[in-house]
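Visitor: Need coordinates for the following:
(one chain, ligands or ions: 2)
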Amino acid sequence: MSDVVAVKDLTKTYRLGTQTVTALAEVSLTVHAGEFMAVAGPSGSGKTTLLNLIGCLDTPTSGEIAIDGEPVARLSSTRRADLRARKLGFIFQTFNLIPVLTAWENVEYPLLIHRRGGEIGPRVRRALEQVGLAERARHRPPELSGGQQQRVAIARALVTEPALVLADEPTANLDSATGREIVDLMRRLNRERGTTFVFSTHDPRIMAAADRVVQISDGRVQA
Ligand SMILES: Nc1ncnc2c1ncn2[C@@H]1O[C@H](COP(=O)(O)OP(=O)(O)O)[C@@H](O)[C@H]1O
Ligand SMILES: [Mg+2]
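Guide: Ligands and ions are numbered 1, 2, ... in the order given. Model prediction:
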């Protein structure tokens with residue numbers, strides 16, 4: 001199987017005044033195509049830092065990252081933005097939908113920006129159907145429950161058919177039953193579409209859905 005993510009000796013330090021905070025220390029890991037992988041660890045362990053580096057939202061202090069075979073650790077911000085648009089989808093803890101746009105418009109948005117050709121309407125409809133929200137297409141986020149908003153965010157992440165979806169604590173703002181539904185939905189889409197997922201959590205019940213759990217603490221992967 002090919003690797004969608006290959007990370008080698010990844011280190012990220014932050015400077016806080018005179019102090020240096022090591023958020024990630026020499027992390028190496030790979031994620032195979034089609035995997036449904038969890039990154040688990042307590043608050044402050046480095047989960048967001050790792051996902052943001054894999055997601056080309058930030059650059060490492062040292063180390064290598066390849067996404068779908070492309071080295072990305074030292075790309076310019078423009079090239080990183082281009083790579084994000086071509087290869088990645090994001091799901092956030094706080095959903096991050098645009099509140100003035102309808103569910104349909106939120107899902108359509110990345111397709112309008114990326115202009116990859118082809119018909120947009122059928123793709124938006126299919127993505128909303130796959131998350132069970134076809135009937136809510138005209139609703140705006142404030143008219144939807146948290147679980148429904150996260151479903152819209154999942155449709156938005158998948159509509160561009162990314163090689164990899166990154167989800168940073170996607171269930172942390174939901175009650176446990178809804179959180180479970182969301183992770184089950186991601187799992188089903190992973191199986192049906194073959195999309196690779198990396199998600200972070202500190203909830204053992206959410207971790208249980210993963211093919212593989214990578215534990216991190218104090219910025220280090222636990223063997
Ligand atoms: N921008 C930043 N500046 C300074 N320290 C940071 C910054 N972002 C994260 N950190 C620190 O890096 C460590 C890992 O943080 P983070 O990746 O957010 O962990 P998690 O997502 O597991 O809670 C923590 O000690 C955090 O305080
Ligand atoms: Mg975090």
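
Visitor: C-alpha only now, for contacts and for neighbours.
Guide: OK.

Visitor: So which residues on this structure come close to ligand 1?
Guide: Within reach of ligand 1 by C-alpha under 6 Å from any ligand atom, the chain has these residues: 14, 16, 21, 23, 42-49.

Visitor: Does anything pack onto the worst-scoring helix or strand of the chain on mean pLDDT? Which helices or strands?
Guide: Ranked by mean pLDDT, DSSP states H and E, the weakest helix or strand in the chain is helix 204-207, scoring a mean of 89. Applying 3 or more C-alpha pairs under 8 Å, 6 or more residues apart in numbering; DSSP states H and E, we find helix 204-207 packed against helix 176-193.

Visitor: The nearest residue to residue 8 once chain neighbours are set aside: how many residues sit nearby?
Guide: Distance criterion C-alpha to C-alpha, 6 or more residues apart in numbering; nearest residue to residue 8, sequence neighbours excluded, is residue 28 at 4.3 Å. A count of nearby residues for residue 28, using other C-alpha atoms under 10 Å, gives 16.

Visitor: How much space separates residue 28 from ligand 1?
Guide: Residue 28 sits 16 Å away from ligand 1, taking C-alpha to the nearest ligand atom, to the nearest Å as the criterion.

Visitor: I'd guessed residue 88 sits against residue 166; true?
Guide: Yes - with contact defined as C-alpha atoms under 8 Å, residue 88 and residue 166 form a contacting pair (7.4 Å).

Visitor: shared neighbours of these two, anything?
Guide: Shared between the contact lists of residue 88 and residue 166 (criterion: C-alpha atoms under 8 Å, 6 or more residues apart in numbering) are residues residue 55.

Visitor: who's in contact with residue 84?
Guide: 55-56.

Visitor: Name the helix or strand for it, please.
Guide: Per DSSP states H and E: residue 84 is located in helix 77-87.

Visitor: Name whatever forms a beta bridge with the residue nearest the centre of the chain.
Guide: Compute the mean C-alpha point of the chain, and by C-alpha atoms, centre = their mean the closest residue is residue 166, 1.5 Å away. On the basis of DSSP bridges, residue 166 is bridged to residue 90, residue 198.

Visitor: so it touches residue 91, yeah?
Guide: Yes - contact criterion C-alpha under 8 Å: residue 166 and residue 91 qualify, at 6.2 Å.

Visitor: Tell me how many other residues crowd residue 75.
Guide: For residue 75, the count of nearby residues is 13 (other C-alpha under 10 Å).

Visitor: Now find how far off-centre stretch 5-23 is within its chain.
Guide: Stretch 5-23 sits 20 Å away from the centroid of its parent chain (C-alpha atoms, centre = their mean, to the nearest Å).
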